[in-house]
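S.K.: Quick one, what's the 3D model for this:
(2 chains)
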2 protein chains.
Amino acid sequence: MNLVAAPMHLSSASATFEADFAARLHWSADQDAAIEQRVADILADVRARGDAALLEYTARFDGLNAPSVAALELTQAELQAAFHAIAAPQREALLAAAARVRSYHEAQKKACGESWSYRDADGSLLGQKVTPLDRVGIYVPGGKAAYPSSVLMNAIPAHVAGVGEIIMVVPTPGGEKNPLVLAAAYVAGVTRAFTLGGAQAVAALAYGTQTVPKVDKITGPGNAYVASAKKHVFGTVGIDMIAGPSEILVLADGSTPPDWVAMDLFSQAEHDELAQAILLCPDAAYIDAVQDAMDRLLPTMPRAEIIAKSLSGRGALIHTRSMEEACELSNRIAPEHLEIASHEPHRWEPLLKHAGAIFLGAYTSESLGDYCAGPNHVLPTSGTARFSSPLGVYDFQKRSSLIEVSEAGAQVLGPIAATLAYGEGLQAHAQAAQLRLKQR
Amino acid sequence: MNLVAAPMHLSSASATFEADFAARLHWSADQDAAIEQRVADILADVRARGDAALLEYTARFDGLNAPSVAALELTQAELQAAFHAIAAPQREALLAAAARVRSYHEAQKKACGESWSYRDADGSLLGQKVTPLDRVGIYVPGGKAAYPSSVLMNAIPAHVAGVGEIIMVVPTPGGEKNPLVLAAAYVAGVTRAFTLGGAQAVAALAYGTQTVPKVDKITGPGNAYVASAKKHVFGTVGIDMIAGPSEILVLADGSTPPDWVAMDLFSQAEHDELAQAILLCPDAAYIDAVQDAMDRLLPTMPRAEIIAKSLSGRGALIHTRSMEEACELSNRIAPEHLEIASHEPHRWEPLLKHAGAIFLGAYTSESLGDYCAGPNHVLPTSGTARFSSPLGVYDFQKRSSLIEVSEAGAQVLGPIAATLAYGEGLQAHAQAAQLRLKQR
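M.R.: Numbers count the residues shown, from 1 in each chain, chains lettered A, B, ... in the order given. Okay, here's the model as predicted:
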C-alpha cells in the first residue's frame, strides 16, 4: 500500500475558507440510538441482578468465564508482582512519571483545593470546606488502547485529593492482562481492581453489586458504550466528562524545526482514524516544509496507516494571514491540545482563550505532557474546552458552604431575608428569619 | 380541613430503624420514559427549525403567541423599569442581598479561581490558566415557583467569574411577567433575557436559533422537562447539576428554641410536597418540644397544606443515641441543607463530611442563607453532595493547563516519555520526545 500524508491544505484568505474550515471541524457527538438502548438494558439488568448479570456480560462481551465476580478481582499481590516483573527502564519511567504527576497535582490542590473562610463586619463566618470524595471508580480501557499512563492520570489526582478508596475496572478480553496497566495501578495506589469493562462495569460502579462497591464518581475514558453508560448514570454518581476523538492544534511562527512539528501532528494522528491534527501558520514556505517532513517521515512510522487515514480524513494545514488570526481560529476550535511552536510563546498565550492544555515553545512536545511533565492528560475534547477543564484534584473533591451567622448578623440579615421571602410567597422562610430578631 | 404536622417519629435504637430510615429516605431520580421521549423530540425540532419551532412550543405550552422570538426578548429598559416600579423595601432588599452574594463570590474567586504556575528545577513552567466562559444561559423557573433570589444566585457568580454574556430565559405562562424576577435580572446584570421556558428554552440555549444565541453552559433549576433537557444536551454544552426535591436536615443538641427549629423545618417543607425535612436529636424531650411547636405553628402558616403533606410523606424526627451518631446518619443522607442547631457547632462540624451547605449555630436559619448571607443557594440535592458542590464562580470558569518545557527539561523528560510511549505502542509520541534530545 502506498501511504501518503495528505492533510487538507487551506488558506484563510480563500473565498471558500469558512465552509471548508467548518466541514473539516465537523464532528458529531450525537449518540447512536441502538447503542443507547442496549446500554440502558445492560444498566438496568446489572442494577437488578448484580453479580449474576455482571458475570454473564463479561462472558459474552469479553469471552471471560469466571465462577464469581470475586474471581475477577486483581489482588494487590498480583499488581505488585506485575510491577516487579516488567523491565527495569519501564519500572523507572512509571515511577518518574508518577512522581512528577503527583507533585503537579499537589501544587494544584494547594492552589485551588483548600478550605477557606472569613468573618464579616458582624462577626458572621462565611466560607467553604473542601473534602475528598469517599470512593471513586476509574475506568481504564483494555484491548488495543490499554494505556498505563491513563491509570496514573486518573488515580493520582484522586489520591492527592485524599479519596478513601479508588476502584479500578479494566476489561481483559480473553483474560489477557496488560502487565504495564497492572504495574501502573500498583504505582498509583489503586485500592481494588476488577477485570471488568463496558457498560456493565460502569453499572457495577454506579449501583454497586454484591461484590463491586458502589462509588460516588466514575472517571476515565472508554468506547461508545462506556461513554453512553457514563452519561446515563450521571446524577446517580458524578462523572468526569464525555470524551470525543483526540485533537492537536499547532500554532507555528516558523521557528520550530519542521520535523518536530510533523512528528507532533503524527503523534495525535496515530491515536485513531478520527483523531484530528491541525497546523495554523502564517508562513507558506514553512507549511510546505512541514508537508515535506511528513512525506519523508510517514513511511518510517509503524502506525503509518492510521496516521494517513487520520490526516486525509480530518487533518489540515492552514495558511493564515497572521499569528493573531491563527489565535482567533484556535479559539473557535477550542482544541484539546494546543502547541505554540513559536520563539515567543508568551506573546501568543494571552490571546488563547479556550484549550484543554497549552504547550509553550519548541521543546514542549505534546507527548512530554501526555506522559510525564506533570499536568493531567485527560482533557476536554471536541470544543468542550469552551466550558470544561482538565481532570484534576478538584474532580475528586467537593465543597460544602459554611455559614455561621452571629446574633448581630441575624439582626441585619433577617429583615432582608424576610422581605425577599414574602415577595416569593414563602412565609415560613420569612418567619424563620424573623424569629431570630430581638425586637419584633 | 384539619391539617396536622405528622412527620414520622423514629428512634435509632429501634429494631426496625434501618428499614424505616431507608424507606423514608428513598427518592427515585429515575427518569420518566414518556417525558424523555417528548423532550428528545422538542430538542430535535428546535435544533432543526430554530425560531419557528420555539414560537410554536411557546404558544402551545405557555399560551403565549408572539409574531417572532425577538418579540419575546425583554429589553434592558423593561428590566430597569421593573426595578424602579417595585416597592422600595423590596428594591433595597434585592440590592443588599446582591451586594452580599457578590462579595462572597468575589472571596470565592480569590480563594480558588485564580491562575497559578511554578517553575521546576529545570526551569520548566507548569500551571493552569483560569478563564471565564464566554456566554452562559441561566434558566429561571416561572409560574408558581418564580424566585427572584435564584436570578441573583445564578447570575452573580457568572458575573464575578467574568462571563461575557449572561442570557436569561424565564417562562411567562399567559404572558404574565413577575416584576421581582425582572428587577432581579436588572440588579444581577443579566445581558439579555427571553420569556421562554421548558425544554424548548434549553434547546434554544444549547443549539442557538436565529434569535437566541448559543451558550457554552446552562445553569439553574427547572421542572422534570427542563431537567431531562439539560441532561440530554450535556456534552454539547456544560450544565450545573440535575436538581431533585429540596431537603433540610437539622442536627439539634436541644439548645436552640424549639420554635426556631420547627419553623426551619417548615421553611423546607413549604417548598413542595416532595421536599424533605428531618430532625436528628439525642434528646427525646426536645423532639417532643419541636413536635409541640409544629402543632402550634402549623395552623398559622399560609402554606400549611403543602407543609403538612411534605412532613407526613417525607419528614422525620429521629431520636439518636448521641450527637456523634446523628452526625454519622447525616453523612449517610448527605443533605442539601444541614443546620447544626447546637451551642457548640464547631465541635460537630468536623464530623460532617457530606452536605451542600452547613449552617452553624442557632442564629443561622437556612432562610438567611437562602437569600442574603452570601453563599449560593443552588446546592446539590438527593445525596449528590457526596460528589458535587454548591453552584459557584468555578462553574463559570474553566482551566487550561500550561506547560513550557525548557531545553534542559526536555532532556530529562524525553527518555521517560519515550519509554512509556513505546510501551503503549505509540511510536510517534516516543519519537516526538526523542527529536528534542540533543544527543540521540
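
S.K.: Where do the strands of the stretch 301-440 of chain A begin and end?
M.R.: Counting by DSSP state E, counting those that start in this stretch, residue ranges of the strands within the stretch 301-440 of chain A are A:316-319, A:337-341, A:357-360, A:397-404.

S.K.: and the ones you listed, which is most packed in?
M.R.: strand A:337-341 (a mean of 30; mean count of other Cβ atoms under 10 Å in any protein chain shown). For the C-beta atoms, the positions are set from N, CA and C on the backbone; glycine is no exception.

S.K.: And the average pLDDT for that strand is what?
M.R.: Averaged over strand A:337-341, pLDDT sits at 98.

S.K.: Contacts for it, please.
M.R.: Applying Cβ atoms under 8 Å, 6 or more residues apart in numbering or on different chains, the set of residues contacting strand A:337-341 from outside is A:246-253, A:255-256, A:260-261, A:264, A:268, A:330, A:348-349, A:352, A:355-362, A:364-366, A:369, A:379, B:400.

S.K.: Can you say which of the residues you listed are buried?
M.R.: Buried members of the contacts of strand A:337-341, scored by 16 or more other Cβ atoms under 10 Å in any protein chain shown, are A:246-253, A:256, A:260-261, A:264, A:268, A:330, A:348-349, A:352, A:355-362, A:364-366, A:369, A:379, B:400.

S.K.: got the strands of the stretch 301-440 of chain A as JSON lines, with distance to residue B:336 columns?
M.R.: Shown next, in JSON lines, are the strands of the stretch 301-440 of chain A (distance: least, Cβ to Cβ, whole Å):
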{"stretch": "strand A:316-319", "distance to residue B:336": "48"}
{"stretch": "strand A:337-341", "distance to residue B:336": "38"}
{"stretch": "strand A:357-360", "distance to residue B:336": "35"}
{"stretch": "strand A:397-404", "distance to residue B:336": "10"}
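
S.K.: among those, which is nearest residue A:291?
M.R.: Nearest of the strands of the stretch 301-440 of chain A to residue A:291, taken as Cβ to Cβ: strand A:316-319 at 6.5 Å.

S.K.: Who are the packing partners of that closest one?
M.R.: When contacts are defined as 3 or more Cβ pairs under 8 Å, 6 or more residues apart in numbering or on different chains; DSSP states H and E, strand A:316-319 packs onto strand A:8-11, helix A:17-25, strand A:276-281, helix A:284-297.

S.K.: Could I have the CA atoms of the third one written out in PDB?
M.R.: Okay, so that is strand A:276-281. Provided in PDB are the C-alpha atoms of strand A:276-281 (Å, rounded to 0.1, in the frame of the first residue of the first chain):
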ATOM      1  CA  GLN A 276      -7.600  15.400  14.400                       C
ATOM      2  CA  ALA A 277      -4.300  17.200  13.700                       C
ATOM      3  CA  ILE A 278      -4.300  20.800  12.500                       C
ATOM      4  CA  LEU A 279      -1.500  23.300  11.800                       C
ATOM      5  CA  LEU A 280      -2.100  27.000  11.700                       C
ATOM      6  CA  CYS A 281       0.800  29.100  10.300                       C
END
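
S.K.: Using the three-state scheme, assign residue A:167.
M.R.: Assigned with DSSP: H, G, I helix; E, B strand; the rest coil, residue A:167 falls in the strand class.

S.K.: so it touches residue A:217, yeah?
M.R.: No: Residue A:167 lies out of contact with residue A:217 (Cβ atoms under 8 Å); the separation is 10.7 Å.

S.K.: of those two, who's got more company?
M.R.: Applying other Cβ atoms under 10 Å in any protein chain shown to residue A:167 and residue A:217 shows that residue A:217 carries more neighbours, namely 25 against 21.

S.K.: I'd assumed residue A:138 was in contact with that one.
M.R.: No: assessed by Cβ under 8 Å, residue A:217 is found out of contact with residue A:138, at 9.4 Å.

S.K.: Kindly state which of the helices and strands packed on strand A:316-319 is positioned closest to chain B.
M.R.: Distance to chain B, taken as Cβ to the nearest Cβ, is lowest for helix A:284-297 among the helices and strands packed on strand A:316-319, at 8.3 Å.

S.K.: Touching both of residue A:167 and residue A:217, which residues are there?
M.R.: Common neighbours of residue A:167 and residue A:217 (Cβ under 8 Å, 6+ apart) are A:136, A:137.

S.K.: Could I get the contacting residues of residue A:171?
M.R.: Contacts of residue A:171 (Cβ under 8 Å, 6+ apart): A:61, A:62, A:141, A:142, A:143, A:195, A:196, A:197, A:198, A:201.

S.K.: so which helix or strand takes in residue A:34?
M.R.: Take DSSP states H and E as the rule and residue A:34 turns out to sit in helix A:33-49.

S.K.: Name the helix or strand for residue A:131, please.
M.R.: strand A:125-132.

S.K.: likewise residue A:241?
M.R.: Residue-wise, residue A:241 maps onto no helix or strand under DSSP H and E.

S.K.: Give me the number of neighbouring residues for it.
M.R.: So residue A:241, with other Cβ under 10 Å, has 22 neighbours.

S.K.: Now that it has come up, it's in contact with residue A:380, right?
M.R.: Yes: applying Cβ under 8 Å as the test, residue A:241 and residue A:380 come out as touching, 6.1 Å apart.

S.K.: which residues do those two both contact?
M.R.: residue A:388.

S.K.: And residue A:36, how close does it get to residue B:13?
M.R.: 47 Å (Cβ to Cβ, to the nearest Å).

S.K.: Check chain A and tell me which residue is nearest its centre.
M.R.: residue A:378 (2.9 Å; Cα atoms, centre = their mean).

S.K.: these two touch, right, residue A:148 and residue B:425?
M.R.: No: with contacts counted by Cβ under 8 Å, residue A:148 stays clear of residue B:425, the gap being 11.4 Å.

S.K.: Assign residue A:137 to helix, strand or coil.
M.R.: Residue A:137 ends up strand, using three-state DSSP.

S.K.: which residues does the nearest residue to residue A:139 once chain neighbours are set aside contact?
M.R.: Leaving aside its sequence neighbours, residue A:139 sits nearest to residue A:220 (Cβ to Cβ, 6 or more residues apart in numbering or on different chains; 3.7 Å). Counting by Cβ under 8 Å, 6+ apart, residue A:220 touches A:138, A:139, A:140, A:141, A:150, A:154, A:240, A:378.

S.K.: out of the residues you listed, what pair is the most spread apart?
M.R.: Counting by Cβ to Cβ, the most remote pair of the contacts of residue A:220 is A:141 and A:240, 14.1 Å apart.

S.K.: ok, those two, which is more surrounded?
M.R.: Neighbours were tallied for residue A:141 and for residue A:240 using other Cβ under 10 Å; the higher tally belongs to residue A:240 (24 against 18).
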